[in-house]
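Undergrad: sequence plus the predicted model coming up.
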Amino acid sequence: MKETLEALLQEALGKIEAAEDGRALQEVRVSYLGKKGPITEVLRGMGKLSAEERPKVGQMANEVRDEIKTKLDEKEQALEDIRVAKQLEEQKLDVTMPGRPIEKGTKHPLQAVVEEVEDIFIGLGFSVAEGPEVETDYYNFEALNLPKDHPARDMQDSFYFTEELLLRTQTSPVQARTMEAHNGVGPVKVICPGRVFRRDNDDATHSHQFMQIEGLYIDHNVRMSDLRGVLDSFVKRFFGENREIRLRPSFFPFTEPSVEVDVTCALCGGKGCRVCKQSGWIEVLGAGMVHPKVLEMSGFDSNEYSGFAFGMGVERLAMLKYGIDDIRHFYTNDKRFLAQFKRV
Ligand code: DAH
C-alpha cells in the first residue's frame, strides 16, 4: 500500500511538472483527485486492512492527496504568472509615441471682427444691445422716419412674411427698440451687432444676408463733433493709428444731418490708387445726428435730448482690413480661407 501511494505521488508530481497549460493541469487534477481516481480507490480498499495498518494508510493517503493538491495549485499560479507576464510584454504601451493631432477650428473672421468692434466701443463706454431678426414694419421702417410710401424704402427691399412682418433690412430698428425701453430718459449709449437681410442679387460685394453694427448715443448736448471724435477714435483703433476720416454730406431718413464716413486708403495712404479709385478715400459707414422725429417717436423729448447714430457693414470692415476681394468667401465654409484667420 505504502509503495503504491508513494509511486502514485511521484507519478502525479511528474505529470504536474510536465503540464504546460491550465487544461493539462485540470486533467491531472481530475484523474488523481477525482472520485474515480487511484487515491479514492486506495481509501475504498482500506476495509481489507488490519486495524493497525488502517490509520497509517489513511493518514498517508490524505498526505499524498494534500501534497498533489498543493503542487497543482502552485503550478496553476505559476502558469498564470507566466501568462500575465507574456501578455504585458505583448501589449506594451509606448507612452512616448506622438499622439494623433486634433485639428483646432478658428473663430470665423466675421465673429472676430464683431468682437473686436465690440471691445473698442465698450472701451468708449458703450454697451451691447440686440434685437430680433424677424422685425415688424414699424420698427424696421416707420419708427425710423420711413413711412409706408417713403421712396427710400426702395433701397432696402426685403423678404416679407406678411405685410407687417419681415426679415430686418438693417440693424437700425434696434435703435428704436432701445430708446423705447429707456422711457425718454438718457443717456443711451449702445452698439447693436446682428444679421440683416435684403432682396439683392449676390455678387462680389453684395449678399442677400450680411451683418451690420449699429451705434447710438443719446444724451444732453450730444453734438456732431462727438460723432466725429468717436468714429475717428474707432477707425484709428480698428484700422491703424495713421488712418484719418472725413465726413461727406449724405442722406438717411433717420438722421439730420446725415453723412457718409470715409477713411484714408490703406494701400496708397491717401495719395490715390486703383483701390480707392484715385480719390485717396474709402467709404466705410453711414452716420448722422438722430432725426428729431425719430427721437420723439421713441419717447425722447427732442428739445432736451440730442444724439448721433451710425451703421456699418461687418463684411465690409473685414474686407477692408484683411484685403478680401469677394464677400462670398465668408459664407462658403472653405477651410483654406477660414484657416488664414487663425491668429486674428
Ligand atoms: N441703416 C443704414 C443702412 O443700412 C446705415 C446707417 C446709416 C445707420 C446712418 C445709421 C445711420 O444709424 O445713422 O444703410
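TA: The structure has been received and is ready for your questions. Numbering: from 1, shown residues only.

Undergrad: which secondary structure state does Tyr138 sit in?
TA: Of the three states, Tyr138 takes helix under DSSP: H, G, I helix; E, B strand; the rest coil.

Undergrad: spatially nearest residue to it (excluding sequence neighbours)?
TA: Glu164 (7.5 Å; C-beta to C-beta, 6 or more residues apart in numbering). C-beta here means a position set from N, CA and C on the backbone, and glycine is covered the same way.

Undergrad: for that neighbour, grab the count of nearby residues.
TA: Neighbour count of Glu164, defined by other C-beta atoms under 10 Å: 11.

Undergrad: next, the contact list for it, please.
TA: Counting by C-beta atoms under 8 Å, 6 or more residues apart in numbering, Glu164 touches Thr136, Asp137, Tyr138.

Undergrad: tell me the confidence at the last one?
TA: The predicted structure scores Tyr138 at 97 on the pLDDT scale.

Undergrad: in the stretch 101-250 of the chain, which spans are strands?
TA: 127-128, 134-136, 160-162, 165-167, 188-197, 209-219, 245-252 (DSSP state E, counting those that start in this stretch).

Undergrad: which among the ones you listed is found nearest to the ligand?
TA: Nearest to the ligand, of all the strands of the stretch 101-250 of the chain, is strand 245-252, at 4.4 Å by C-beta to the nearest ligand atom.

Undergrad: which secondary structure elements does the helix or strand following the closest one contact?
TA: Next along the chain after strand 245-252, taking DSSP states H and E as the criterion, comes strand 255-264. In terms of contacts (3 or more C-beta pairs under 8 Å, 6 or more residues apart in numbering; DSSP states H and E), strand 255-264 is packed against helix 224-239, strand 245-252, strand 281-290, strand 306-313.

Undergrad: these: which one's closest to Gln212?
TA: strand 306-313 (5.6 Å; C-beta to C-beta).

Undergrad: pull out the buried positions in the helix or strand following the closest one.
TA: Using DSSP H and E, the helix or strand that directly follows strand 306-313 along the chain is helix 314-322. Judged by neighbour count (16 or more other C-beta atoms under 10 Å), helix 314-322 contains these buried residues: Val314, Glu315, Arg316, Leu317, Ala318, Met319, Leu320, Lys321.

Undergrad: now helix 314-322 against strand 255-264, angle please.
TA: Going by axes from the mean of the first three to the mean of the last three C-alpha atoms, to 10 degrees, helix 314-322 is angled at 30 degrees with respect to strand 255-264.

Undergrad: elements contacting helix 314-322?
TA: Secondary-structure packing of helix 314-322 (3+ C-beta pairs under 8 Å, 6+ apart): helix 109-123, strand 209-219, helix 224-239, strand 281-290.

Undergrad: closest to the ligand out of those?
TA: Using C-beta to the nearest ligand atom, the nearest of those to the ligand is strand 281-290, at 2.9 Å.

Undergrad: the closest one pairs with which strands?
TA: strand 255-264 (antiparallel), strand 306-313 (antiparallel) (DSSP bridges).

Undergrad: so how many other residues sit close to the residue in the stretch 51-200 of the chain that the ligand sits nearest to?
TA: Minimum separation of the stretch 51-200 of the chain from the ligand (C-beta to the nearest ligand atom) falls at Gln170, amounting to 3.6 Å. By other C-beta under 10 Å, 23 other residues sit near Gln170.

Undergrad: is the closest residue to it other than its chain neighbours bridged to anything, and to what?
TA: Beyond its immediate neighbours in the sequence, the residue positioned closest to Gln170 (C-beta to C-beta, 6+ apart) is Val196, lying 5.5 Å away. According to DSSP bridges, the partner residues bridging Val196 are Phe210.

Undergrad: Val196: neighbour count?
TA: 25.

Undergrad: and it, what does it touch?
TA: Listed by C-beta under 8 Å, 6+ apart, the contact set of Val196 reads Glu133, Leu167, Arg168, Thr169, Gln170, Thr171, Gln209, Phe210, Met211, Gln212.

Undergrad: just the pLDDT for it.
TA: For Val196, pLDDT reads 97.

Undergrad: just checking, Lys321 touches Arg237?
TA: No: judged on C-beta atoms under 8 Å, Lys321 makes no contact with Arg237 at a distance of 11.6 Å.

Undergrad: which residue does the protein have closest to the ligand?
TA: For the chain, C-beta to the nearest ligand atom, closest residue to the ligand: Gly311, 2.4 Å.

Undergrad: compute the number of surrounding residues for that residue.
TA: Using other C-beta under 10 Å, Gly311 has 22 other residues around it.

Undergrad: you'd agree it is up against Phe210?
TA: No: applying C-beta under 8 Å as the test, Gly311 and Phe210 come out as separate, 11.9 Å apart.

Undergrad: need the residues of the stretch 101-250 of the chain near the ligand, please.
TA: Gln170, Ser172, Glu214 (C-beta under 6 Å from any ligand atom).
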